[in-house]
Structure formats: structure tokens, C-alpha cells
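Trainee: below: sequence and its predicted model.
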Amino acid sequence: MPDDFLIRAGLAGVGVALAAGPLGSFVIWRRMAYFGDATSHAAILGVAMALALNLPVLAGTAIVALAMAGTVSALAGRGWAMDTLLGVIAHSALAFGLVAASMIPGARMGLESWLFGDILAVSRSDLAVIWGGAALVVALLAWRWQALLTCTLHEDLAQSSGLNPGRERLILTLALALTVSVSLKVIGALLIAAMLIIPAAAARVVTRTPEGMAMAASGLGAAAALGGLFLSFQQDTPAGPSIVAVAAVIFAVLLAGSALRRGR
Amino acid sequence: MLVEAKALTIRRGSETQLSAVDFHIKAGEIVTVLGPNGSGKSTLMRALLGILPPSSGEVRRAPGLVIGYVPQKLAVDHNLPMTVRRFLSLPKRVSDAEAMAALARTGVDAGLAQRQMSALSGGQLQRVLLARALLAKPQLLVLDEATQGLDQPGEAAFYRLIAEIRAETGAAVLMVSHDLHVVMAASDRVVCLNGHVCCEGTPRVVSNAPEYRALFGLGTQGALALYRHEHDHGHDHSHAHDGALLPATHIHGPGCNHGHAHNA
């Protein structure tokens, strides 16, 4: 009989993977990988802010993630290259967050758990937040699915059918901020982007439709979460990095398999 | 009137891309907008579609107007798995029967339905894009440089298909092209654009131009007409229209303050 904390950890990992599958697929399709990275790094500043102001961490990270997205799109409109902007803002937010956290009594101790996650310490109420947030993200993406896909494919084409690409972009940004906020405890700020990108990239290898890729990404992400936890438990390795490592192995195996099939 | 522009002016920064353009298209009409690169044709098209807001002047679209837009190209990212069948269900889901009928109508082999969009040839892609646009049952089809990447027989066949579709569905067709040598004889009106409306008129089939007959053969069934128009003109010296195509109905736009010498 596995221990309670392991069951909670497994459920938390699967919850994050379910939301990260479809969202990560959009991150890949829209070439937002840097954006996902930046949002999750900026979350550390949100954690520091929340601790300093005695706000819930979820609110702090969500606010900072949205503020970052807003700043990036405002500056990008003035001709700055996106990767430069994201590089400046993401690392600044991370640095300010780390500096701010070091000044808050007690926060320095827990810093590592925000950076790398602390999935084995997930409580019942954490689990409720994770599954609630994940369900919200999945519902949001399912509701806007057709519009999001059309806008991703061709913005003018979407607009000529009466869709609003700006609104769909905002919905994706919201979903990203929410996912980062609820995943922080599970996988940590430094590795959230990996959970978005690696399972979706692996799913691409074996699928033929957008829906297939999104669902396979969720499934592969969940498998990576459970596999990583098992590895962590067996070998006493850190949980977050173990999960990402297993996801990376899954990606490599699928890629090699498809290369072999094509080579034959 | 499906779409009407009055004194439409569009500026981007200090550059005026369109100045005081009057334009209209009626139900069932085929209108071709011709102009060299940088003449503002795409800008005009995007303004008529409602994507670009006018800097001054106005664009009016009939209430509830359904537009089928065929973009110039659609680069489906390799990371986005998308079959032809799935693409036809964007932004609105359609039944298999509807999808297959649309493919059949535009001359796409049914076997391509499960093919990835990124694996289509230029000609196949154009027909699939047209099929998708037709599924919305549009009152207005908008085609942006639709024949780019097609060889000349392919181009002729594509124009013939457009003419047939107009005859069957009664949809108006707005085409944008920089191809000054070939326009569709079935065009009811040709509008020449170079920042302003240079001239507009009715095309005349050139049935006795031997070099073009030789090029397109008799198989084109008159779908192609010769249109020659010298567009690299400075605006304060006279230039000659070759005159093969814009006969008596040729009307100068109000923005034309340059001299013209016509030998038609």
C-alpha cells in the first residue's frame, strides 16, 4: 500500500499534465516556448510579492504573469524583437524575485521548493487548487478550441470569419498564467516550461490531428509524472527534475522509433 | 451592395498606403484588383475584410455578410499536425459528406483528405483553401493572389473553376493579383490600383493574340485574357497603356492626376 503523500503527489502530477498537454501544444504551434519560459520564471517574483504582502501565492503569481504578458505585448508593438524582450523581462523578474525573497524572513528557506517544486509535500488543499486550476484551463481551451486553432493557423483568415485573434491570444495568456500558478508547487518555476513543451513535442511525433496531439501530450505528461515520481521514490532523486527527465526520455524514444520506421 | 468603400485612406506611420479609394462590389459580380507589388492591393483587401481600420473614409459591409477568404498562402507549421479533412472543419465543424463534396467540387482527389496540409503541393493547397472557403456558403469569395505558385495551365484551370463556382452559387468574387499579364476574362470589372484607383474598366478577351494562344492553348476556353498595363510610372509624366484590355469603358479614378496616352 503506497503512502498517502505519494498518492497525492501522483494525482498532483497527473492534474498538471492534463492541463499542460493541450496548452503546451499551443505553446509549440504558436512558437511561444520562450513566452512560457518567461511566464514561469516571472512567477518567482510573484511568489516573493505574495509572501511580502501576505497574499495567496496563487494570486501573486497570476498577477505577475499577466503583468509580464501585458508588458511584453505592449513593448513588442513598438518594434522590439520578442526573444530579446522575453529574455530581458523573464530574467529580470527572476532576479528581482530571488533578491526580494532573500529579504523576506523565512522565504529564503523555501526558495528551492519554488524553483524546483515540492511535489511530495502537496497537501489536500493544494490538490484541490491544482485540479481546480487544471480543470479551468482545460475547460477554457475546449470552449475556445476551434477559434484558437483557426487563429493559430492564419490570423487574417480567422478575422475574415469574424473571430478576434487578440481575444484568443489573451485567453491563451490567461491559461498560461493559471497553469504556471498551479504548477509551481508541483514542478517548480524553472521546469514548468519543460512540462509544457516536452510532452507536446513527444506527442507530435505520433499524431496526425491537433486534438490527437493535445490528448497524447496529456497522456505522455501524466506517464512522465508517474514515472518520475517512481524514479524519485526508488532512487531518492529530486521529484521535479526526475519527472522532466522521464519526459525527455519518452520524447527521445518516440523520436528514435519514428526515425527507424521512416528509415525502413 | 456587398461591400463598399468611400474615400478610403489608410496610413501606416507617415506612409500613405491607400488614398481616397472608392470601391464597391455587388452580389454575383467578379471584380479583379490589379496592381504591382506595393500598390496597396493587399491593404485594400484587408480593409474591405474589416481587418484594417480606415485612417479616414469608410468601409461598409452588408449586414451579416458571409465572406469566404482564400489567403495567398498558408504555411502550416510542421509542428501542427493537420489533415486536409480536419482543416475543412475550421472555424466551423462540417460533416464528412459536406467536406467530401467541397473537395470534389474544387477538384481535390478524395484520397488527399487524410493527407497532412504541410505535404500538399501548391496547386492542391490552393484548391483545399478554396474548398474550405466554399463550406461557409459565402456571399463573397475573396482570393488573394490565389494563383501564385501555379503554372500557367494550372492558373487557367483555377480561374475557370472560379467562374464555374460563381455561376453555380451566385457568390460575388473579389480577386487580388499582381499578375499584369493574365486576368480572368470573366471579370466583370478590373480595378487598377497604385496607391489610388488608377483606372477601372471591363476586360476584353484577347482572342487574336497568337503568342498568348500559343502559350495557353485553345484548352483554356477563353478563361484568360491579356492585360498589359505599364505600372512603373512616375506620376507626373505620361505613360501608355498598351490598351489591349481596357477599352471604352476605361474610367479614370479621381486620384489620377497623371497624364495618360491610350492607343485603345
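Mentor: The structure has been received and is ready for your questions.
Trainee: how about stretch A:74-83, which residues are buried there?
Mentor: Neighbour counts using 16 or more other CB atoms under 10 Å in any protein chain shown place A:Met82 of stretch A:74-83 among the buried residues. Any C-beta I mention is one placed from the backbone N, CA and C, and that applies to glycine too.
Trainee: average pLDDT across it?
Mentor: Predicted confidence along stretch A:74-83 averages 78 (mean pLDDT).
Trainee: how long is that stretch end to end?
Mentor: The first residue of stretch A:74-83 is 14 Å away from its last residue (CA to CA, to the nearest Å).
Trainee: what about that stretch and chain B, any contact?
Mentor: No - against chain B, stretch A:74-83 shows no contacts by CB under 8 Å from any CB of the partner chain, the least distance being 10.9 Å.
Trainee: just the buried residues of the one helix or strand B:Glu4 maps to, please?
Mentor: Secondary structure here is read from DSSP states H and E; on that basis B:Glu4 sits in strand B:3-12. Neighbour counts over strand B:3-12 (16+ other CB under 10 Å) mark B:Val3, B:Glu4, B:Ala5, B:Leu8, B:Thr9, B:Ile10 as buried.
Trainee: what does stretch A:23-43 give?
Mentor: Of the residues in stretch A:23-43, those with enough neighbours to count as buried (16+ other CB under 10 Å) are A:23-30, A:32-43.
Trainee: could you dump it to CSV, C-alpha only?
Mentor: What follows is stretch A:23-43, C-alpha atoms only, in CSV (Å, rounded to 0.1, in the frame of the first residue of the first chain):
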residue,chain,number,x,y,z
LEU,A,23,-1.8,24.2,-23.5
GLY,A,24,1.7,23.0,-24.3
SER,A,25,0.5,22.0,-27.8
PHE,A,26,-0.5,25.7,-28.4
VAL,A,27,2.8,26.9,-27.0
ILE,A,28,4.6,24.8,-29.6
TRP,A,29,2.2,25.6,-32.5
ARG,A,30,2.4,29.3,-31.8
ARG,A,31,6.2,29.3,-31.1
MET,A,32,5.6,30.6,-27.6
ALA,A,33,8.2,28.4,-25.9
TYR,A,34,10.2,31.5,-24.8
PHE,A,35,7.0,33.0,-23.6
GLY,A,36,6.1,30.0,-21.4
ASP,A,37,9.6,30.1,-20.0
ALA,A,38,9.4,33.8,-19.2
THR,A,39,6.0,33.4,-17.6
SER,A,40,7.2,30.7,-15.3
HIS,A,41,10.4,32.5,-14.3
ALA,A,42,8.5,35.6,-13.6
ALA,A,43,6.3,33.6,-11.2
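Trainee: how about the strands in chain B?
Mentor: With DSSP state E, the ranges of strands along chain B come out as B:3-12, B:15-25, B:30-34, B:56-61, B:67-70, B:140-144, B:172-177, B:182-184, B:189-193, B:197-201, B:224-226, B:239-241, B:251-252, B:260-262.
Trainee: what pLDDT does the closest residue to chain A within the stretch 151-264 of chain B get?
Mentor: When distances are taken as CB to the nearest CB, the stretch 151-264 of chain B approaches chain A most closely through B:Leu174, which lies 11.4 Å from it. Predicted confidence (pLDDT) at B:Leu174: the value is 95.
Trainee: tell me who's in contact with it.
Mentor: B:Leu174 sits next to B:Val3, B:Ile25, B:Val31, B:Val33, B:Met45, B:Leu48, B:Leu140, B:Leu141, B:Val142, B:Leu143 when contact means CB atoms under 8 Å, 6 or more residues apart in numbering or on different chains.
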